[in-house]
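Chemist: Have a look; sequence and predicted model below, questions after that.
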There are 2 protein chains.
Amino acid sequence: MEKENQTDLVTIFIISDSAGETASKLAQASMAQYPTVEFCLFRRTFISSSELLLKALKDAKNENALIIHTLIDPKLSRIAEEFCEQAGLFHMDLLNPVVNEIERRAHIEPSYEPGALHHLNDNYFKRIKALEFAVKYDDGKDPKGFLDADIVLLGVSRTSKTPLSLFLANKNLKVANLPLIPQAHIPKQLFQIDPKKIVGLTNDPEVLINIRKERMRAYGLNPETAYSDRDKIQAELEFANDLYQKLGCYVVNVANYSIEETAAKIMTALDLEDHSYYFMEDSDDDE
Amino acid sequence: MEKENQTDLVTIFIISDSAGETASKLAQASMAQYPTVEFCLFRRTFISSSELLLKALKDAKNENALIIHTLIDPKLSRIAEEFCEQAGLFHMDLLNPVVNEIERRAHIEPSYEPGALHHLNDNYFKRIKALEFAVKYDDGKDPKGFLDADIVLLGVSRTSKTPLSLFLANKNLKVANLPLIPQAHIPKQLFQIDPKKIVGLTNDPEVLINIRKERMRAYGLNPETAYSDRDKIQAELEFANDLYQKLGCYVVNVANYSIEETAAKIMTALDLEDHSYYFMEDSDDDE
């Protein structure tokens, strides 16, 4: 409660022996809980020596920062712990509690390799290929991609097809997408694939109307064009929903959901798991 | 050390009130330390009630799982803590230590909104736009994009231009990329932008030769084609390096680095920060 006027700014230091992605994710999730607080986030990445680490820790101390660290080298993580304890700094060792528990269970030492998550292994290259696949088969560019895809996303304009495809590609899933326009021809490949691989994206008419009006304004055009016309949007959605029913595919309404949330729903519904890093699938024995 | 033969499989439960992205990242980073251990990963996402939570916890107990949870509701996180303590299950509360420390410093309560990270706020929509920008201006499709881009990536074939563009787009950066081929015309827009926005990607000739041979094999073609010809690759790299020098841009060799690592290097070199979630920049007062 002391120095009430100095508490507006919270400083967070991420200290990592690799790119700092795990700690960043946690920092971002935590900061998102405080939309009115001003944060200052420092990232000290690729910290590979005690010299670099001590410099980062001293800088953090000078800023009276909260520290989140991912250091797989036991010597480095010990230095961080001891420094923070002595300096009375809040610190969270993100990686080692889980890594140590796995060691206790598997009776195997960790590889102690910084950034092992980013190893250029088969899974990594599959992910790169999945991202390239998503770009290649975005926006109905080539319906032949449907035949190779793990997921085919269908949707009217502004249902997040592109970012959703890319997000799922990051989970090592090959995703193609097709925009639906009532007049347009539906490629025959759509009827040649397992409908369980198809996802129909839909949205609330009100949301679409607002998005499209915004878009028209951004282009400096009159927002009251046919693009945002209620009847037209209704017709587009009906056309899409009819097709979804005909295909018998999973349908998800993206209104008010982020791509992360929509992706999680799709993966659960299609019984897909994140194939990007691990080796076994979620088993089905949870009734 | 008991039951040595049962220790091969380690089960991890991710329990989250949202999409479980933060806990997944930690699980993946931890699992990556044990390339020979078999893991079984369960994701119980959008856990919004004590009933759902208790079901997930009981399932985790049945699997003798290690639990990583992100539950912002204090009631739910307390249930998880108490259940795990009683059942003697390893558990890591990922979110609350940092969230509580921020509260202590800022004297403000968290919003307690699950998945606040995924709020459909301005930053979210900027990220969506950045992803769409990256797809639109991928592969030199339209050099006019260079004028609007935060970063323009240049590189010969197989220097990860596309996935790197997408990864940086996820940090809310607008990225265009241009493949470099000696014969090709260099768009004039490249000379109209600040060279500090340009990144030249290069690679070791040996790495490129191997990648391209693999590619030829994957296509069922003879790997000893001009595409993998050493002199040709050398000429391509020289052409690229000459251009980089002429532009005076930052150059990064992607050999042996993942896109995450390359992206972290680029962001440090160009003094860019992850704009996807937070509000203030890394200040420069750390000499």
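Modeler: Okay, I see it. Residues are numbered from 1 along each chain as shown, chains lettered A, B, ... in the order given.
Chemist: what comes up buried for the helix-or-strand element of chain A with minimal mean pLDDT?
Modeler: In chain A, the helix or strand scored least confidently by mean pLDDT, DSSP states H and E is helix A:205-218, which has a mean of 82. Across helix A:205-218, burial judged by 16 or more other CB atoms under 10 Å in any protein chain shown covers A:207-209, A:211-213, A:215-216. In this view, the C-beta of every residue, glycine as well, is placed from N, C-alpha and C.
Chemist: same check, this time on stretch A:38-52
Modeler: For stretch A:38-52, using 16+ other CB under 10 Å, the buried residues are A:39-47.
Chemist: for stretch A:88-105, same thing?
Modeler: Per 16+ other CB under 10 Å, stretch A:88-105 contains these buried residues: A:89-99, A:101-103, A:105.
Chemist: for stretch A:251-264, same thing?
Modeler: Within stretch A:251-264, the residues that qualify as buried are A:251-252, A:254, A:257-264, counting by 16+ other CB under 10 Å.
Chemist: filter the buried residues of stretch A:38-52 by proximity to chain B?
Modeler: Restricting these to those near chain B by CB under 8 Å from any CB of the partner chain leaves A:39-43, A:45-46.
Chemist: Sort out for me which of the residues you listed are in helices.
Modeler: Using DSSP state H, no member of these falls within helices.
Chemist: With distance to residue A:133 added, can I get those in TSV?
Modeler: Below are these laid out as TSV (distance: CB to CB, whole Å):
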residue	distance to residue A:133
A:39	36
A:40	39
A:41	33
A:42	36
A:43	30
A:45	29
A:46	30
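Chemist: before we move on, the earlier item: will you turn the buried residues of helix A:205-218 into TSV that also has distance to residue A:200?
Modeler: Formatted as TSV, those follow (distance: CB to CB, whole Å):
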residue	distance to residue A:200
A:207	16
A:208	15
A:209	20
A:211	18
A:212	19
A:213	24
A:215	22
A:216	26
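Chemist: residue ranges of the helices in chain A, please?
Modeler: Using DSSP H, the helices of chain A run over residues A:21-31, A:50-62, A:74-87, A:96-106, A:122-136, A:161-169, A:205-218, A:230-247, A:259-269.
Chemist: closest one to residue B:179 among those?
Modeler: helix A:122-136 (12.7 Å; CB to CB).
Chemist: Just the buried residues of that closest one, please?
Modeler: Result for helix A:122-136 [16+ other CB under 10 Å]: buried residues A:123-124, A:127-128, A:130-135.
Chemist: Contact residues of the stretch 51-200 of chain A facing chain B?
Modeler: Contact residues (CB under 8 Å from any CB) of the stretch 51-200 of chain A with chain B: A:59, A:66, A:68, A:70, A:72, A:90, A:92, A:94-95, A:97-99, A:101-102, A:105-108, A:110-113, A:115-120, A:124, A:127-128, A:131-132, A:135, A:138, A:160, A:162-163, A:166.
Chemist: returning to what we had before: quick check: the two most widely separated of the buried residues of stretch A:251-264?
Modeler: Pairwise across the buried residues of stretch A:251-264, and taking CB to CB, the largest span is found between A:251 and A:260, at 19.0 Å.
Chemist: Turn the helices of chain A into TSV, columns for distance to residue B:195.
Modeler: Putting the helices of chain A into TSV (distance: least, CB to CB, whole Å) gives the following:
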stretch	distance to residue B:195
helix A:21-31	28
helix A:50-62	29
helix A:74-87	36
helix A:96-106	42
helix A:122-136	26
helix A:161-169	28
helix A:205-218	29
helix A:230-247	45
helix A:259-269	33
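Chemist: which stretch in these has the least confidence?
Modeler: When the helices of chain A are ranked by mean pLDDT, helix A:205-218 comes last with a mean of 82.
Chemist: can that one be found next to chain B?
Modeler: No: figure legend: helix A:205-218 not in contact with chain B (CB under 8 Å from any CB); closest approach 9.5 Å.
Chemist: What's opposite residue A:253 in the beta bridge?
Modeler: Taking DSSP bridges as the rule, residue A:253 bridges to residue A:202.
Chemist: mind checking how far it is from residue A:262?
Modeler: 9 Å (CB to CB, to the nearest Å).
Chemist: Over to residue A:164?
Modeler: To residue A:262, residue A:164 is 6 Å away according to CB to CB.
Chemist: try residue A:128
Modeler: Here the distance between residue A:128 and residue A:262 works out to 23 Å (CB to CB).
Chemist: same question, residue A:230
Modeler: Separation of residue A:230 from residue A:262 (CB to CB) stands at 24 Å.
Chemist: try residue A:81
Modeler: With distances taken as CB to CB, residue A:81 is found 40 Å from residue A:262.
Chemist: ditto for residue A:254
Modeler: Plainly put, residue A:254 is 5 Å away from residue A:262 if you go by CB to CB.
Chemist: Pairing partners for the nearest residue to residue A:139 once chain neighbours are set aside in the sheet, please.
Modeler: In space, and not counting its chain neighbours, residue A:139 is closest to residue A:179: 6.1 Å by CB to CB, 6 or more residues apart in numbering or on different chains. Using DSSP bridges, the bridge partners assigned to residue A:179 are residue A:155.
Chemist: Check whether residue A:179 really touches residue A:153, as I assumed.
Modeler: No: proximity of residue A:179 to residue A:153 does not meet the contact threshold set by CB atoms under 8 Å, at 9.6 Å.
Chemist: Now for those two: what residues contact both?
Modeler: Common neighbours of residue A:179 and residue A:153, using CB atoms under 8 Å, 6 or more residues apart in numbering or on different chains, are residue A:161.
Chemist: which of those two has more neighbours?
Modeler: Counted by other CB atoms under 10 Å in any protein chain shown, residue A:179 and residue A:153 do not tie: residue A:153 has more neighbours, with 27 against 18.
Chemist: Could you double-check that that one sits in contact with residue A:165?
Modeler: Yes: under the criterion of CB under 8 Å, residue A:153 makes contact with residue A:165 at 6.1 Å.
Chemist: residues shared between the contacts of those two?
Modeler: Counting by CB under 8 Å, 6+ apart, the contacts common to residue A:153 and residue A:165 are A:175-177.
Chemist: Are there residues contacting both of residue A:254 and residue A:262? Which ones?
Modeler: Each of A:160, A:164, A:201 lies in contact with both residue A:254 and residue A:262 under the rule CB under 8 Å, 6+ apart.
Chemist: Who wins on neighbours among those residues?
Modeler: Neighbour max across the shared contacts of residue A:254 and residue A:262 (other CB under 10 Å) = residue A:164, 28 neighbours.
Chemist: Can you name the residues that contact it?
Modeler: Residues in contact with residue A:164 (CB under 8 Å, 6+ apart) are A:153, A:175, A:177, A:201, A:254, A:259, A:262-263, A:266.
Chemist: Next, find the distance separating residue A:98 from residue B:67.
Modeler: Noted for residue A:98: a distance of 10 Å to residue B:67, by CB to CB.
Chemist: ok, now residue A:68?
Modeler: Distance from residue A:68 to residue B:67, by CB to CB: 20 Å.
Chemist: What of residue A:233?
Modeler: The gap separating residue A:233 from residue B:67 is 44 Å, by CB to CB.
Chemist: Repeat that for residue A:33.
Modeler: On the measure of CB to CB, residue A:33 and residue B:67 end up 21 Å apart.
Chemist: again with residue A:224
Modeler: 53 Å.
Chemist: higher neighbour count, the two?
Modeler: More crowded of residue A:224 and residue B:67, by other CB under 10 Å: residue B:67, with 26 against 10.
Chemist: Can you give me the neighbour number for the closest residue to residue A:266 other than its chain neighbours?
Modeler: In space, and not counting its chain neighbours, residue A:266 is closest to residue A:199: 5.5 Å by CB to CB, 6+ apart. By other CB under 10 Å, 26 other residues sit near residue A:199.
Chemist: What residues does residue A:199 make contact with?
Modeler: Neighbour list for residue A:199: A:151-154, A:249-252, A:266, A:269-270 [criterion: CB under 8 Å, 6+ apart].
Chemist: And for residue A:177?
Modeler: A:137-140, A:152-155, A:161-162, A:164-165.
Chemist: Quick check, the residue in the stretch 151-287 of chain A closest to chain B?
Modeler: Residue of the stretch 151-287 of chain A nearest chain B, by CB to the nearest CB: residue A:258 (3.7 Å).
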